[in-house]
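Here is a sequence together with a model predicted from it:
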Amino acid sequence: MIYFASDIHLGGGDAATARAVERRFAAWLDRAAADAEAVVLAGDVFDFWFEYRRVVPKGFVRILGRLAALADRGVRVIFFTGNHDMWVTDYLARECGAEIHTSRSGWRAMTGRCWSSAACASSWRTATT
């Protein structure tokens, strides 16, 4: 099974809201782990992500750990940057095993199709209702 998620905006809102969103997304990743061949993160997973050479935003350990565990089990974790997390460089690839795509050409290479919002219409929020 291939799972799609987008527009989670981890870290957005007040502290209580941010923690609740992170817990819900972590639970979704746990459920997906049962039969996932791939997890496609299609932009704006983080409300803000900016990497420097040796510095990344603090937080998100529940999510980063789950993504690393998925990759360690052989599940493809495919991360497309969005306008809130377009400053991803190599941290998620090095530490979590994610395949990083910063342009639409990555989507085309993976699926043979052009990027479209319809291709990623299945978000984690609708999957949890």
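Yep, that arrived. Numbering: from 1, shown residues only.

quick one: low-confidence ranges for this protein?
Counting by pLDDT under 70, the chain shows low-confidence ranges at 48-52, 54-58, 83-87, 89, 103-129.

ok, for residue 60, nearest residue in space, not its chain neighbours?
Leaving aside its sequence neighbours, residue 60 sits nearest to residue 10 (Cβ to Cβ, 6 or more residues apart in numbering; 5.7 Å). C-betas here are computed from N, CA, C, even on glycine.

Now do the strands in the protein.
Counting by DSSP state E, the chain has these strands, from start to end: 2-5, 38-42, 76-80, 99-101.

Would you mind pulling up the elements that the first one packs against?
It stands for strand 2-5. With contacts taken as 3 or more Cβ pairs under 8 Å, 6 or more residues apart in numbering; DSSP states H and E, strand 2-5 sits against helix 15-32, strand 38-42, helix 124-127.

Pick the most deeply packed of the ones you listed.
Neighbour counts (mean count of other Cβ atoms under 10 Å) averaged over each of the helices and strands packed on strand 2-5 peak at strand 38-42, with a mean of 23.

the inter-axis angle of that strand versus helix 15-32?
Relative orientation of strand 38-42 and helix 15-32, computed by axes from the mean of the first three to the mean of the last three Cα atoms, to 10 degrees: 150 degrees.

and strand 38-42, which strands flank it?
strand 2-5 (parallel), strand 76-80 (parallel) (DSSP bridges).

a markdown table for these, including distance to residue 47 and mean neighbour count?
Listed next are the strands paired with strand 38-42 as a markdown table, based on distance: least, Cβ to Cβ, whole Å; neighbours: other Cβ atoms under 10 Å:
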| stretch | distance to residue 47 | mean neighbour count |
| --- | --- | --- |
| strand 2-5 | 14 | 19 |
| strand 76-80 | 15 | 21 |
